[in-house]
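Novice: this one's structure only:
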């Protein structure tokens, strides 16, 4: 497997983790586990952002690195609207809380839909 094929496979893996985390968030929400749902919502966004960054050959070991690179690559560059930077920051802060979980679940689905076209390994371009 070439290095490019390996990168695409890892990108698809991160994206599948994002989708799986959203599904898990819905289950947790339905079960009344708001804090766990919020945690899964954050991870859906984190995995999606990681996939989009890996598409640009950037990967990070820490959540703060992903957050900083997300802002640099997608928000400051104008690739995404600033509302998505604020959304990601809010998820980062709220991941231990259960407030606003239903709203954040719907917005996280929208966030993944906005990032999907930026991930070539998913057939985005």
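Specialist: Received it, and whenever you're ready, just let me know what you need. Note that the coordinates shown come from a computational prediction; the quantities given were computed from them, not determined experimentally.
Novice: Next, name the residue at the spatial heart of the chain.
Specialist: The geometric centre of the chain, computed from its C-alpha atoms, lies nearest to residue 45 (Cα atoms, centre = their mean), at 2.1 Å.
Novice: C-terminal to the helix or strand containing residue 40, which secondary structure element comes first?
Specialist: Using DSSP states H and E, residue 40 sits within helix 34-55. Next in sequence after helix 34-55, counting helices and strands by DSSP H and E, comes helix 63-70.
Novice: That next one - contacts with which helices or strands?
Specialist: helix 34-55, helix 82-94 (3 or more Cβ pairs under 8 Å, 6 or more residues apart in numbering; DSSP states H and E). Where you see a C-beta, it was placed from the backbone N, CA and C, and this is true even at glycine.
Novice: Please enumerate residues in contact with that helix?
Specialist: With Cβ atoms under 8 Å, 6 or more residues apart in numbering as the test, helix 63-70 has contacts from 46, 49, 50, 52, 53, 58, 60, 85, 88, 89, 92.
Novice: Can you say which of the residues you listed are buried?
Specialist: Buried residues within those, counting neighbours by 16 or more other Cβ atoms under 10 Å: 46, 49, 50, 52, 53, 60, 85, 88, 92.
Novice: Help me confirm that the fourth one comes into contact with residue 117.
Specialist: No: contact status for residue 52 versus residue 117: not in contact, 9.6 Å apart, counting by Cβ atoms under 8 Å.
Novice: Same list (the helices and strands packed on helix 63-70) but as JSON lines, adding distance to residue 106 and mean pLDDT.
Specialist: Rendered in JSON lines, the data for the helices and strands packed on helix 63-70 read as follows (distance: least, Cβ to Cβ, whole Å; pLDDT from 0 to 100):
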{"stretch": "helix 34-55", "distance to residue 106": "10", "mean pLDDT": "94"}
{"stretch": "helix 82-94", "distance to residue 106": "11", "mean pLDDT": "94"}
